[in-house]
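>>> Sequence and predicted structure are below.
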Amino acid sequence: MNDRVVQPSAAQLVRKLMLLLCAAAAMWLLMAWPAHRLAGSLGLEGLTYAGLLCLAPGWLVVYVTSRYPEAGSPSSAVLLGTGLRMAFVLIGMVGIRSVRPDLGHNEFQLWLVLYYLAFLAVETVMVVKSINKQKS
């Protein structure tokens, strides 16, 4: 077994970041119709905020785990992703609620929870596959 860890190229990192962006866009498209039906344009606005709040920490985790693969195992990468996402989303939710108090449950919080769970699943699969591939 080879214990040497190979750092991915810049092109591979950009590919992973773009894959996350495409996943976020696909999720937005899937949830746009229900968000609009449930809360109109405010639902689409809240859906957009939710997507951005989940995309940013996802990019950060993919970047960190790609640039520093020797720093952790798949479980520590998943833990890092969960912690970063939770902190980022909680702080972002408080910030958005203070600036836009009219975005309530149907307009924002529902979509944030759905994005959070979906993005966590996508990011976890990507990070675990990436780390396992780098170590083999």
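Arrived safely, thanks for sending.
>>> switch to C-alpha atoms for all contacts and neighbour counts from now on
Fine.
>>> Report the rounded mean pLDDT for stretch 106-126.
What stretch 106-126 shows for mean pLDDT is 88.
>>> Which residues in that stretch does the neighbour count mark as buried?
By 16 or more other C-alpha atoms under 10 Å, the buried positions in stretch 106-126 come out as 106-112, 114-116, 118-120, 123-124.
>>> Among the residues you listed, which one lies nearest to Ala50?
Leu112 (4.6 Å; C-alpha to C-alpha).
>>> contacting residues for that closest one?
Taking C-alpha atoms under 8 Å, 6 or more residues apart in numbering as the definition of contact, the neighbours of Leu112 are Gly46, Leu47, Ala50, Gly51, Cys54.
>>> Quick check: which ranges of the chain have low pLDDT?
Confidence mapping of the chain against pLDDT under 70 gives the ranges 1-8, 69-74, 131, 134-136.
>>> top helix in it by residue count?
When the chain is scanned for its longest helix (criterion: DSSP state H), the result is helix 10-67.
>>> can you give me the angle the next helix-or-strand element following that helix makes with helix 10-67?
Towards the C-terminus, the helix or strand next in line after helix 10-67, according to DSSP states H and E, is helix 74-99. With axes from the mean of the first three to the mean of the last three C-alpha atoms, to 10 degrees as the criterion, the two stretches helix 74-99 and helix 10-67 enclose an angle of 90 degrees.
>>> Which residues belonging to helix 74-99 are considered buried?
74, 77-78, 80-82, 84-86, 89, 92-93, 96.
>>> This completes my enquiry, with thanks.
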